[in-house]
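>>> Sequence plus predicted model, see below.
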Amino acid sequence: MSIADSQKETIKSKILECLESEGMELVELRIFHSQGRYTVRALIDYPQGGVTLDECAKLNSKIFSFLEKSNELGQHFIVEVNSPGLDRPLKNQQDFLKAEGRALCLWLNEPVEGKQYYEGKLKKADEEGLQLETKGHILTVSYSQVKLGKEKII
């Protein structure tokens, strides 16, 4: 059972509205159907990081109330609101800008210089893409080439 794009957009819009009022951002949103019910899974954070468990619970309650009243997903659904934690995915320019100067793990959509996975220090992130220093070599890739980036936890 799948959810219509218009329903996803309505739910996402409501979540963004709630987050904006709290000064937070949506890191990732997944809405899927499994085992006879829908799951709404949202990763949230402050732009500078540091969202608390209480804040996740507060937003969870708001989303649940909205879904219950609007009946967007029927009666059988669960809501999960979490912090991305230390393992936060880096997906766009804004995410990579925050990680400049730090050690990263980088997965690419297609091989570049024969590899799809790199580790190194993020030297630069700008409108064009990013530069990763790997063992004395600078790898330059565009954001469209990046499947996923994560800060390397040492």
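Okay, I see it.

>>> What segments of this protein are helices?
5-22, 53-70, 93-98 (DSSP state H).

>>> who does the shortest one touch, helix- and strand-wise?
Using 3 or more CB pairs under 8 Å, 6 or more residues apart in numbering; DSSP states H and E as the contact test, the elements touching helix 93-98 are strand 115-125. Where you see a C-beta, it was placed from the backbone N, CA and C, and this is true even at glycine.

>>> can you list contacts of the strand it packs on?
Residues from elsewhere that reach strand 115-125, judged by CB atoms under 8 Å, 6 or more residues apart in numbering: 93, 96-97, 99-110, 130-135, 138-139, 147, 152.

>>> Mark which of the residues you listed are buried, thanks.
Among the contacts of strand 115-125, the ones that count as buried by 16 or more other CB atoms under 10 Å are Phe96, Ala99, Leu104, Cys105, Leu106, Leu108, Leu130, Gln131, Leu132, Glu133, Leu139.

>>> Same list, those residues, but as a markdown table with distance to Leu16 please.
Formatted as a markdown table, the buried ones among the contacts of strand 115-125 follow (distance: CB to CB, whole Å):
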| residue | distance to Leu16 |
| --- | --- |
| Phe96 | 22 |
| Ala99 | 23 |
| Leu104 | 27 |
| Cys105 | 28 |
| Leu106 | 28 |
| Leu108 | 29 |
| Leu130 | 26 |
| Gln131 | 31 |
| Leu132 | 31 |
| Glu133 | 35 |
| Leu139 | 34 |
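
>>> Identify those among those residues that sit within strands.
Among these, the subset assigned to strands under DSSP state E consists of Leu104, Cys105, Leu106, Leu108, Leu130, Gln131, Leu132, Glu133, Leu139.
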